[in-house]
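Chemist: Give me a 3D structure for the following:
(one chain, ligands or ions: 1)
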Amino acid sequence: MELHIGLENIAIANSAISYANGEKGELIYRGYWAGELALDKSYEEVLHLILFGTLPDAAELAQLRARLEALRVLDSATTAMIAALPAQASDMAALRAVLSCQPIAGADWPPTLDQALAIFAIAPTVIAHRYRLSQKLAPVAPRAGLSHIENYLYMLSGKVPDPDFARALSAYLILCIDHDTNASTFAARVVASTQADIVSAVCAAIGALIGPLHGGAPSKVDDLLDEIGSADQAQRVISGKLERGERLMGFGHRVYKTWDPRAAVLKKVATSLHGKDPLLDLSLAVEKTAVALLEQHKPGRNLYPNVEFWAAAVLRAVGVPKTLYTPTFCCTRIAGWCAHVLEQAQNNRLIRPKAVYIGGRPAAPAQLD
Ligand code: ACO
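Modeler: Prediction:
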């Protein structure tokens, strides 16, 4: 049996949702360049593309907006559950716990678009509601008339956001809405392949996204910038880390062996917010120094900034608290996971790989009388 540790370059399904070309630095969503969608389309339009398969016309877009608006309100059982969660539980653990108990949790196979929209729409409200409670602030209910992104920022701060902030966050969340068969998406597809419900698949994916090698990096990028402190310290701090064999958070990618196309677009978005992010100049200096030092310490490994490096700049500038970086990423990726679960269900076969057994072999079994 051939061994594929890490399943690199192993295809597990045909998929029409997204395509990442790591050599060329390309990302395509259902036939469109993700970078162009991020800069030219609204978040809801891209959500429609990912979940329904097409960009919406005006009527479809209005209908989607109305459905999201209706679905994003928490019921009293959910608000009571959020209030009762242990304070020390992480926001991702809280989201996983609350989603797993949504009334849709017992939904039968096969998964549906309605279930997908329900989970997707409620997640940001859960995150914002718990965040406000953790800050000893009154939760802010969703506000009708705001877009999905505006409403998220509104529920966090209690203020209707600056349109530039909403546009920047929308670009980030579009760029992260789906990404081929990454670890969390694979986890979702594995669970769905057992004919478990869509919420179980999403909760499994949340677990996979928690790890720092996957979705947990952007807040660690902020930690790196804090540690570096000022541009003149970048060389010293980064060299020290690389000499000690540490990894630089926000650099390198399993698929992209050139610039992560999402990072390139986000860098543009982050730079357009100049003056609103106090750490932008430091980010630019750290990126330049890190790319040069990574090439020096890890020649030929092609290590460049990944989406999370520039995500940290955008999230910081628009006022998303550091503790919510990964949960915010998660809220958008739920759409991608659901699209993959629906696609898996259309042509399902139980995903059941094997391991190459390297354990011992017992003596011949005793003969039974
Ligand atoms: N800093 C320093 N060295 C690195 C980094 C990094 N960020 N990334 C990879 N390397 C080095 C490895 O040490 C290894 O060196 P070696 O050949 O001397 O052993 C070499 O590059 C190849 O590394 P792998 O671990 O084989 O690469 P892999 O494809 O498995 O790693 C990963 C991808 C996990 C993202 C890695 O680059 C990393 O740990 N980055 C930091 C964490 C991060 O930014 N995660 C967010 C990813 S984006 C996302 O999930 C949305």
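
Chemist: interface residues of this protein facing the ligand?
Modeler: Residues of the chain lying near the ligand by C-beta under 6 Å from any ligand atom: 213-215, 217, 247-254, 298, 301, 303, 306-308. Placement of C-beta: from N, CA and C, glycine included.

Chemist: let's go with 8 Å and repeat that
Modeler: With C-beta under 8 Å from any ligand atom as the criterion, the chain comes near the ligand at residues 6, 8, 176, 179, 182-183, 212-217, 220-221, 241-242, 245-255, 260, 294, 297-298, 301, 303, 306-309, 329.

Chemist: If any of those residues are buried, put those into a ChimeraX selection.
Modeler: In ChimeraX, this line selects whichever of the residues of the chain next to the ligand come out buried by 16 or more other C-beta atoms under 10 Å:
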select :176,179,182,183,214,215,216,217,220,221,241,242,248,249,250,251,252,253,255,260,294,297,303,306,307,308,309,329
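
Chemist: Restricted to strands, list the residues of the chain next to the ligand.
Modeler: The strands, defined by DSSP state E, take in nothing from those.

Chemist: Looking at the residues of the chain next to the ligand, which are in helices?
Modeler: The helices, defined by DSSP state H, take in 183, 220-221, 241-242, 294, 297, 307-309, 329 from the residues of the chain next to the ligand.

Chemist: Now render those residues as CSV, adding pLDDT.
Modeler: Compiled in CSV, these are given as follows (pLDDT from 0 to 100):
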residue, pLDDT
183, 95
220, 87
221, 91
241, 97
242, 97
294, 97
297, 96
307, 90
308, 88
309, 93
329, 95
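
Chemist: If you drop the residues flanking it in sequence, what lies closest to the residue of the chain found nearest the ligand?
Modeler: The ligand sits closest to residue 252 of the chain, with a gap of 2.3 Å, by C-beta to the nearest ligand atom. Nearest residue to residue 252, sequence neighbours excluded (C-beta to C-beta, 6 or more residues apart in numbering): residue 303, at 4.5 Å.

Chemist: measure the one you found to residue 14 for me?
Modeler: Going from residue 303 to residue 14 by C-beta to C-beta, to the nearest Å gives 31 Å.

Chemist: what's the answer for residue 336, then?
Modeler: According to C-beta to C-beta, residue 336 stands 16 Å off from residue 14.

Chemist: which of these two has more neighbours?
Modeler: Higher neighbour count among residue 336 and residue 14: residue 336, with 26 against 7, using other C-beta atoms under 10 Å.

Chemist: Please name every helix or strand in contact with the helix or strand encompassing the more buried one.
Modeler: For residue 336, the host element (DSSP states H and E) is helix 325-346. Packing partners of helix 325-346 (3 or more C-beta pairs under 8 Å, 6 or more residues apart in numbering; DSSP states H and E): helix 43-52, helix 91-100, helix 113-134, helix 163-175, helix 183-193, helix 198-210, helix 218-228, helix 307-318.

Chemist: Please identify the deepest-packed of those.
Modeler: Highest mean neighbour count among the helices and strands packed on helix 325-346 (mean count of other C-beta atoms under 10 Å): helix 307-318, with a mean of 27.

Chemist: Does anything pack onto it? Which helices or strands?
Modeler: Judged by 3+ C-beta pairs under 8 Å, 6+ apart, the packing partners of helix 307-318 are helix 163-175, helix 218-228, helix 261-272, helix 280-297, helix 325-346.

Chemist: Could you pull up phi and psi at residue 258?
Modeler: phi -140, psi -170 (degrees, to the nearest 10).

Chemist: That one - how many residues pack around it?
Modeler: Residues near residue 258, counting by other C-beta under 10 Å, number 15.
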